[in-house]
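Q: coords please:
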Amino acid sequence: MIYSSDQGWFLGEHGMFDKRWMYEETFRMPLLVRWPDVITPGSVNYDLVQNHDFAPTLLEIAGVPIPPDMQGRSLLPLLKGETPSNWRASVYYHFYEDEGAHKVPRHYGVRTDRYKLIHFYKIGEWELFDLQNDPNELVSLYGRPEYASVTNDLKAEVVRLRGLYAATEEADHETDRFQRYQQARWKFMSLLGKLPSRWNVKVETLGVKEFETYTREHIAYWIGDQRVEAFVLVPKKRNGPVPGILAVHPGRESGSYDGGKSLVAGETDFGYGLELCKQGYVVLCPDRFGFESRRILGGKSKVDEDSLVAGAARKFLADGSTLLGQEVIELWFAADYLAKRPEVYYTRVGVVGYGEGGVMASVLASANEEIWTTVSLGGARRFEEPDGKNLVNIPGMSSWGTFDNVVTGIYPRPFLEIAGQTDARPVFARAEERYKDRDFTDRLRFQTLPGLLSPGMRKAAYAWFDKWMK
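A: Predicted coordinates:
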């Protein structure tokens, strides 16, 4: 095996791979703690600690019992300068993502205060380093007779730690599945073409209106060359941060391009945004491209509007982008903005939409892994309709997959599809298998309920959010 310190690569019998992860340059990281009257200023500790020690440490400091099944140990004794006699003498490491950008082979290993044993188990290579005599890990000692005893001891320690952390083959199988679907997600994003930035976007407040139980803020922001207006509905009765929901209005099935944010944020047949706000959620309702404040031809016929939206979609394609990509990034920013609101519990942001809005809600959740819960009201049906396919009619999409692939990309997060007429289950066969892989079947549900946003459909949708968001 040849090592080049300039290039940072190993060249072995199985080819070249990036020198990363369990080597000292990335295996070790600074841990600086300041705690007046507890930690001695300027003190240094050389005991072996890991990042899964952080949670038990914070729990003990807060006086909260540490769950017995939690991995890691509290660092509180070390912070006080007291090393327990039974403190760990080795640490275990496992790297799975070999299909990521760095192409690092999967490996696991153990490190003590002096030695490190690494096993690249997919390619059958071992490495042993003496960190005392070779701190830069330039010479592997694996296979040398004089280190046979050290090697055997470390291998036994690897077996012990793998048992302690339940590092089974199932984790490898799950990684295979995860990487397969992650690659599908990256492929999907590439199909969206050139995307506008969602960073450093300035949000302007256009007005604030007070109602009895909630406040409605009227805001605007620019994503690329598109100005987006939205309503933010904030419930007045709340104790601390509450979950946030992005409410995506329907498309042409609503009957008019006049209906945008006001459709879901008001007392209408489509007012699920307002109803969710009244149930304690902070809700953001943006205008989609071509609707309400973003109409292309105010007052003209729906046929003319349809034609102009189709023309705009062709223009996006001609510019190397897509209308679908523009809509996805607009909604992505809206979800980010919602999560950063002071009233919102930032890790609990969901999305809901009806018809075309249900398709866009699902597409957003598939692309954005930070969306926690998704409800699609008739999205599967809308996607399968001939004109519904125009929503995602971009080069390469038909060979990429169907709505089933979109939902599969949402795994393992909760997803609910409510169909108004026909059973949507046949559309989601692949997604069902994915959720069954880890027995997450309770996170995936399909229901058939009659009526256009009937009380039963609304009740089921809101109950799903309550279950997973509160």
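Q: quick one: residue 46 and residue 93, what's the gap?
A: From residue 46 across to residue 93, the span is 18 Å (Cβ to Cβ, to the nearest Å). Any C-beta I mention is one placed from the backbone N, CA and C, and that applies to glycine too.
Q: between these two, point out the one with more neighbours.
A: Ranked by neighbour count (other Cβ atoms under 10 Å), residue 46 and residue 93 place residue 93 first, with 16 against 8.
Q: show the contacting residues for the residue nearest to the spatial centre of the chain.
A: For the chain, the residue sitting closest to the mean C-alpha position, by Cα atoms, centre = their mean, is residue 369 at 2.0 Å. Residue 369 is in contact with residue 413, counting by Cβ atoms under 8 Å, 6 or more residues apart in numbering.
Q: just the CA trace of the single longest helix found in the chain, in CSV.
A: The residue-count maximum for a helix in the chain (DSSP state H) belongs to helix 169-191. Coordinates of each C-alpha in helix 169-191 appear next as CSV, following Å, rounded to 0.1, in the frame of the first residue of the first chain:
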residue,chain,number,x,y,z
GLU,A,169,-25.6,-6.6,9.5
GLU,A,170,-29.1,-5.1,9.3
ALA,A,171,-27.5,-1.6,9.6
ASP,A,172,-25.6,-2.4,6.4
HIS,A,173,-28.7,-3.5,4.7
GLU,A,174,-30.5,-0.3,5.8
THR,A,175,-27.6,1.7,4.6
ASP,A,176,-27.9,0.1,1.2
ARG,A,177,-31.6,1.0,1.0
PHE,A,178,-30.9,4.5,2.3
GLN,A,179,-28.2,5.2,-0.3
ARG,A,180,-30.3,3.8,-3.1
TYR,A,181,-33.1,6.2,-2.3
GLN,A,182,-30.7,9.0,-1.5
GLN,A,183,-29.3,8.7,-5.0
ALA,A,184,-32.9,8.8,-6.4
ARG,A,185,-33.4,12.0,-4.4
TRP,A,186,-30.2,13.5,-5.9
LYS,A,187,-31.3,12.4,-9.4
PHE,A,188,-34.7,14.1,-8.9
MET,A,189,-33.0,17.3,-7.8
SER,A,190,-30.8,17.3,-10.9
LEU,A,191,-33.9,17.0,-13.0
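Q: gap between it and the chain center?
A: Distance of helix 169-191 from the chain centroid (Cα atoms, centre = their mean, to the nearest Å) equals 13 Å.
Q: which strands and helices lie in contact with it?
A: Here helix 169-191 touches helix 356-367, helix 397-400, helix 403-408, helix 429-437, going by 3 or more Cβ pairs under 8 Å, 6 or more residues apart in numbering; DSSP states H and E.
Q: could you rerun that using 7 Å?
A: Judged by 3 or more Cβ pairs under 7 Å, 6 or more residues apart in numbering; DSSP states H and E, helix 169-191 is in contact with helix 356-367, helix 397-400.
Q: dump those to a markdown table, plus distance to residue 88.
A: Below are the helices and strands packed on helix 169-191 laid out as a markdown table (distance: least, Cβ to Cβ, whole Å):
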| stretch | distance to residue 88 |
| --- | --- |
| helix 356-367 | 40 |
| helix 397-400 | 46 |
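Q: the residue nearest to the centre of the chain is in what secondary structure piece?
A: Using DSSP states H and E, residue 369 is not contained in any helix or strand.
Q: from what I can see residue 193 touches residue 325, true?
A: Yes - judged on Cβ atoms under 7 Å, residue 193 makes contact with residue 325 at a distance of 5.3 Å.
Q: so between the two, which is more surrounded?
A: Using other Cβ under 10 Å as the criterion, residue 193 and residue 325 rank with residue 325 on top: 22 against 19.
Q: sec struct for that one, please.
A: Secondary structure state of residue 325, per DSSP: H, G, I helix; E, B strand; the rest coil, is helix.
Q: low-confidence stretches in the stretch 251-400 of the chain?
A: Counting by pLDDT under 70, the ranges of the stretch 251-400 of the chain that qualify are 255, 297-303, 384-392.
Q: which stretches in it count as strands?
A: Using DSSP state E, counting those that start in this stretch, the strands assigned to the stretch 251-400 of the chain run over residues 282-286, 344-354, 373-377.
Q: so what's the nearest residue to residue 53 once chain neighbours are set aside up against?
A: If you skip the residues right next to it in sequence, residue 53 has residue 72 as its closest partner in space, 4.3 Å away by Cβ to Cβ, 6 or more residues apart in numbering. Residue 72 makes contacts with 50, 52-53, 55-56, as judged by Cβ atoms under 7 Å, 6 or more residues apart in numbering.
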